[in-house]
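*Asks:* sequence? don't have it. structure:
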C-alpha cells in the first residue's frame, strides 16, 4: 500500500511539473495533477479487464477463468 501511495505522489508531482513548466500556471498544474491521475487510473482498470478477457479468449478458457484473476494472453509461459 505504501508503494501505491508513493507512486501516486510521484505521478501527481510529474503531472504538475510538466504542466507548470509548459504553461507557467500553478492552477493548471494543480488541476492536471489531480484530474490526470484519476482518469489514468480508470483507463488502466478498463485496460486490465480488456486484456484479461482477450487473454482468456486467446487460450480458449473464457468460461473457466477465476474471477479477479487476469489470464496471460501469452498462455502459461507468458
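*Replies:* All right, it came through fine. For clarity, every value in this text was computed on a predicted model and none was experimentally measured.

*Asks:* can you pull the buried residues of stretch 14-22?
*Replies:* 15, 16, 19, 20 (16 or more other Cβ atoms under 10 Å). All C-beta spots, glycine's among them, are computed from the backbone N, C-alpha and C.

*Asks:* what's the closest of these to residue 49?
*Replies:* Relative to residue 49, the closest of the buried residues of stretch 14-22 is residue 15; by Cβ to Cβ it sits at 24.1 Å.

*Asks:* what mean pLDDT would you report for the helix or strand containing that closest one?
*Replies:* When secondary structure is defined using DSSP states H and E, the element that contains residue 15 is helix 2-23. The average pLDDT within helix 2-23 is 92.

*Asks:* picking that back up, in TSV, list the buried residues of stretch 14-22 along with distance to residue 36.
*Replies:* Putting these into TSV (distance: Cβ to Cβ, whole Å) gives the following:
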residue	distance to residue 36
15	5
16	9
19	9
20	13
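
*Asks:* if we only consider the residues you listed, which is nearest to residue 50?
*Replies:* residue 15 (24.2 Å).

*Asks:* on the pLDDT front, check residue 61 for me.
*Replies:* 66.

*Asks:* what of residue 29?
*Replies:* If you check residue 29, the pLDDT there is 96.

*Asks:* element containing it?
*Replies:* Residue 29 is part of helix 26-58 when elements are defined by DSSP H and E.
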